[in-house]
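[1] next come a sequence and a model predicted from it.
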Amino acid sequence: MQLLHSTQAHTGPIWSITTHATLPLIATASQDKTSKIYSLTSHHNLLTILEKTHTRSVRSIAFKPPLDNFDLPVLAAGSFDSTISIWGIDEPEFYADVESESDHERIICDPNNEWNLMALIEGHENEVKSVAWNHQGNLLASCSRDKTVWIWETDQETLEEFECIAVLNDHEHDVKYVCWHSTRNILASCSYDDTIRIYAEDDDDEFACVGVLNGHEGTVWSCAFENPATPTDKIRLASVSDDLTVRVWVGTVPEHSDKQLPSSIRHNKEMVWEQECILPQAHAFPIYSLSWSATTGKIASCGSDGKIVVYKEVDGTWEVEATHEASHGVSEVNCILWGKLDDKEILITGGDDGCVNYWQV
Amino acid sequence: MEEPINANPTILSLAQLPKRQETGSPFSTTLSANHKLISNALKLSLLEEEDEYSEEDIDSDEEEDPIDPQEIFDLISTISDPEHPLTLGQLAVVNLNDIEINTSKYLTEVVIRITPTITHCSLATLIGLGIKVRLIRSLPGKFRVKLLIKEGSHQSESQVNKQLNDKERVAAACENEQLIEVISRMLATCV
């Protein structure tokens, strides 16, 4: 593993990093109450600073998946101040004339674009810990120390109104992280109560808990669905925990129930989830983040010990493929994700040192 | 003022608290004084200052000197109890023998077992947070501090332990102005 570049993005710790699905954009969330957007190119240009909105740490940040290749970028940021901010840019001049994707990219990544606060979502009682968009970009999930997971629905054309369509209070303690499946409206949340919960729409189109994953012996800090090239009826999820383990879980997709039946007879189909395996132990301190590559199927993890670990599945068995110690000096590493730089897959990490580090694996 | 939760704590006198043996320190003071003399002498002789006697060298020597349990004890034993005009050392909430240091290649783990004065002490979390903040502010970045309630000394050990070692909760607590004000008062007695 080789360090390609390091950006000193913040003076305080970086909690979270997100990359845009189609545009070369990367955004950070920091304890210094701001977020920054950089170009995800070899220039690493600072495009904008999102500030003067949150009064406490920005804990989590997520780019909305675009509607199409010409959709303007949108960001959601969740803060310890209990609010979620939604950011976007005004339509640039001559935007209607843009025909090619490269023109679109150039115009969107221009540092002169003004990023505006489009909405401020209030509802959680206290610290928001994670925000995540579904694959269609019309649902935003958030979770908090108030033990709840909320799902907000929005109109992607305006992004002004966010209507709460579900408050899920299945967890017993604060909820640390939420993530959606990459092609289905299935949501996972992980918690200080050591469990992971899975939610899907029931026969009345209401989100409800359809699975509980028990096994971790400490706070579950993060999780990620596998993004397989071909759809199967099995769904896999990987999770990382304070208990120093990375686990892979497997669930069976519920069949479509017969909507002809009256709801009193129909029953909600629970998903059956079981632990598939525990990956080889490689961390000495709590593991805070992981990312499951859609390209190679490899899993990368990081945490308090400052180590980056890459795992590879060979014939159904996970092996440690690469490790890198002290990836942010003596600092803890809070987040890791696979990304693309000049069409090559790289790893991106954010640490307590306020740096974003780019790695060639 | 409200009735204290623990009205009659056991108190140790200052003389009973563990202190560093004094033998080593005068020697090291002389040594660094010698370095200064030599370095000044070299300047007088108009020669280029040799690296091995530079100020920086003395600094880096100090950094390599590993931090021992006594040093950790000195940092936290002077923290004031939130409800008594006494320090955590005097109340034997922190004890030298309950401080453990594990060194690995890149990181150093400090494990501290604290003994709340009474088993249902609701202030255990606050005291723990005070210790955590004190050490985060004082120790170099390579330290990872783990705080545990000493076994059998508290009714909800595992609950308090989990809270105190949750990085995110500690970070969020440190952004709470009222809480930080209380902790600042506890730390005001630290030198």
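    The structure has been received and is ready for your questions. Residues are numbered from 1 along each chain as shown, chains lettered A, B, ... in the order given.

[2] show me the shaky parts of the chain.
    Unless you meant another one, I'm taking chain A. Confidence mapping of chain A against pLDDT under 70 gives the ranges A:254-269.

[3] my bad, chain B
    Judged by pLDDT under 70, the stretches of chain B that qualify are B:1-3, B:21-64.

[4] from A:V253, how far out is A:M271?
    Separation of A:M271 from A:V253 (C-beta to C-beta, to the nearest Å): 7 Å. No exception for glycine: its C-beta is placed from N, CA and C like everyone else's.

[5] which residues are in contact with B:C121?
    For B:C121, the contacting residues are B:I5, B:N6, B:H154, by C-beta atoms under 8 Å, 6 or more residues apart in numbering or on different chains.

[6] buried set for stretch A:222-234?
    Under the neighbour-count criterion of 16 or more other C-beta atoms under 10 Å in any protein chain shown, stretch A:222-234 has A:S222, A:C223, A:A224, A:F225, A:E226 buried.

[7] checking my notes, the third one in a strand, right?
    Right, the one you point to is A:A224. Yes. Assessed by DSSP: H, G, I helix; E, B strand; the rest coil, A:A224 belongs to a strand.

[8] sorry, back to before: anything in contact with each of A:M271 and A:V253?
    Common neighbours of A:M271 and A:V253, using C-beta under 8 Å, 6+ apart, are A:I235.

[9] quick check: residues of chain B near chain A?
    B:104-107, B:109, B:140-142, B:144, B:162, B:165-169, B:171-172, B:175 (C-beta under 8 Å from any C-beta of the partner chain).

[10] buried ones among the residues you listed?
    In the residues of chain B next to chain A, the ones that pass as buried (16+ other C-beta under 10 Å) are B:107, B:109, B:142, B:144, B:162, B:165-169, B:171-172, B:175.

[11] quick check, nearest of those to chain A?
    For those, the closest approach to chain A (C-beta to the nearest C-beta) belongs to B:K142, at 3.8 Å.

[12] how many other residues sit next to the closest residue to that closest one other than its chain neighbours?
    Spatial nearest neighbour of B:K142, excluding adjacent residues (C-beta to C-beta, 6 or more residues apart in numbering or on different chains): A:V330 at 3.8 Å. Using other C-beta atoms under 10 Å in any protein chain shown, A:V330 has 17 other residues around it.

[13] ok, A:V330 touching B:L139?
    No. Using C-beta atoms under 8 Å, A:V330 is not in contact with B:L139, being 10.6 Å away.

[14] hang on, the earlier thing: would you list the phi and psi of the residue nearest to B:K142?
    In terms of degrees, to the nearest 10, the main-chain angles of A:V330 are phi -90, psi 0.

[15] for it, what are its contacts?
    Taking C-beta under 8 Å, 6+ apart, we find A:V330 in contact with A:G306, B:Y106, B:L107, B:P140, B:G141, B:K142.

[16] and it, how close does it get to A:T41?
    Distance from A:V330 to A:T41, counting by C-beta to C-beta: 30 Å.

[17] and A:G211, bridged to which residues?
    For A:G211, the beta-bridge partners are A:I198 (DSSP bridges).

[18] could you pull out the helices for chain B?
    Using DSSP state H, the helices of chain B run over B:24-44, B:55-64, B:69-76, B:124-138, B:157-164, B:167-173, B:177-187.

[19] repeat for chain A
    Going by DSSP H, chain A shows helices at A:101-108.

[20] so what's the residue most central in space within chain B closest to, chain neighbours aside?
    With distances taken as C-alpha atoms, centre = their mean, B:L75 lies nearest the centre of chain B, 3.0 Å away. Excluding the flanking residues, the one nearest B:L75 by C-beta to C-beta, 6+ apart is B:S138, at 5.3 Å.

[21] the one you found touches B:D74, doesn't it?
    No. Look at B:S138 against B:D74 with C-beta under 8 Å: they stay out of range, at 10.0 Å.

[22] settle it for me: which of those two has more neighbours?
    Just comparing B:S138 and B:D74: by other C-beta under 10 Å the higher neighbour count belongs to B:D74, 19 against 16.

[23] report the contact partners of the more buried one.
    B:D74 makes contact with B:R20, according to C-beta under 8 Å, 6+ apart.

[24] could you measure from A:S301 over to chain B?
    16 Å (C-beta to the nearest C-beta, to the nearest Å).

[25] what about B:L14, how many neighbours?
    Neighbours of B:L14 (other C-beta under 10 Å): 9.

[26] same question, A:D353
    Neighbours around A:D353, by other C-beta under 10 Å: 22.
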